[in-house]
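# build the 3D model from these lines:
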Amino acid sequence: MVTISKDHPRYNSLVLRDKLVDGCKKGITSIHGLIAHGRGEAFDYLIGERSTTNALEATAAASAYLLTAQRPIISVNGNVAALVPAELTELSEITDAPLEINLYHRSTQRSEKIEQHLRDFGARRILIGRDYVRLPGIASERAKVDKRGIFLADVVFVPLEDGDRCEALKKSGKAVLVVDLNPLSRTALAASVTVVDELTRTMGNIIEITRRMQQAGDQERLEVLKSKFDNIQNLKISYSIILSRLQTASFF
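Numbers count the residues shown, from 1 in each chain. Okay, the predicted model is just below:
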């Protein structure tokens, strides 16, 4: 990685970009993932590059789902593996949820490289879909899910998602928790819980919130959080935040 000055006004953004470029060099991240990341960055500008109160409430709902799940699973793609490997490992341990590598641009070699990368950060329970079934309704290689993981899961946490798989997972009866900076995407609209926030902020938040909820041990409160959460209302608020920022922006 190149050395990036902490005095640079876009320091955090440049660090994330550099991690993805490094991921490409290592064969972890698809070059197409760089385009997807740039699209997300544009939406992050629109929400003010911060975790809004609304995003934190959605994160709390996602934590409640993970802590009450019978068979939770965390789905991992190349961008996520490159950006938050340590956080994935920590959340997996807290929630007893295996990590399943599920890729759009899928190859055995790339899956194995991601697996090793996660193990280098301490991950222990990793599935790469060697024994897989195909979920109906998905045209891409992401239809291939591990028989012991996503296929059996009741709750699937997908830090970054594409719409057709989110819809297919929901149709199969699973609760789907996603991180998506675009509140109008198919993924955001189809999910059970959509956290409209940037990935690295979300992972830090969800680890902190999940630990706090776990220590409280209040199962009734977790069920209330789940039942009261309205994802469409959540997306409407996120959309209104973007509109408000656009309307109050000063242009010269």
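
# who's in contact with the residue nearest the centre of the chain?
Most central in the chain under CA atoms, centre = their mean is Pro159, positioned 0.7 Å from the mean C-alpha point. By CB atoms under 8 Å, 6 or more residues apart in numbering, the contact set of Pro159 is Ile74, Ser75, Val76, Val80, Val84, Leu88, Val178, Val179, Leu199, Thr202, Met203. For every residue, glycine as well, the C-beta is placed using N, CA and C.

# check Glu223 too.
Counting by CB under 8 Å, 6+ apart, Glu223 makes contact with Ala64, Thr68.

# mind redoing it with 7 Å?
Glu223 sits next to Thr68 when contact means CB atoms under 7 Å, 6 or more residues apart in numbering.

# again, but for Arg186
With contacts defined as CB under 7 Å, 6+ apart, Arg186 is in contact with Gly163, Glu167.

# any stretches of the stretch 51-200 of the chain with poor pLDDT?
Counting by pLDDT under 70, the stretch 51-200 of the chain shows low-confidence ranges at 161.

# what's around Val84, how many residues?
Close neighbours of Val84, defined as other CB atoms under 10 Å, add up to 23.

# and it, how far is that from Arg17?
14 Å (CB to CB, to the nearest Å).

# ditto for Phe121
Note on Phe121: its distance to Arg17, by CB to CB, is 20 Å.

# now Ser111: which helix or strand?
Following DSSP states H and E, one finds Ser111 within helix 108-120.

# from the contact counts, what lies against that helix?
Under the contact criterion of 3 or more CB pairs under 7 Å, 6 or more residues apart in numbering; DSSP states H and E, helix 108-120 touches helix 78-83, helix 85-95, strand 99-101, strand 126-127.

# hmm, 6 Å instead?
For helix 108-120, there is no helix or strand it packs on, judged by 3 or more CB pairs under 6 Å, 6 or more residues apart in numbering; DSSP states H and E.

# just want the angle from it to helix 85-95.
With axes from the mean of the first three to the mean of the last three CA atoms, to 10 degrees as the basis, helix 108-120 and helix 85-95 are set at 70 degrees to each other.

# quick one: buried residues of helix 108-120?
Arg110, Ser111, Lys113, Ile114, Glu115, His117, Leu118 (16 or more other CB atoms under 10 Å).

# what secondary structure does Arg148 sit in?
coil (DSSP: H, G, I helix; E, B strand; the rest coil).

# list the contacts of the nearest residue to it once chain neighbours are set aside.
Nearest non-adjacent residue to Arg148, counting by CB to CB, 6 or more residues apart in numbering: Leu127, 6.2 Å away. Leu127 makes contacts with Pro98, Glu100, Asp146, Gly149, as judged by CB atoms under 6 Å, 6 or more residues apart in numbering.

# that's all I had, so thanks and see you.
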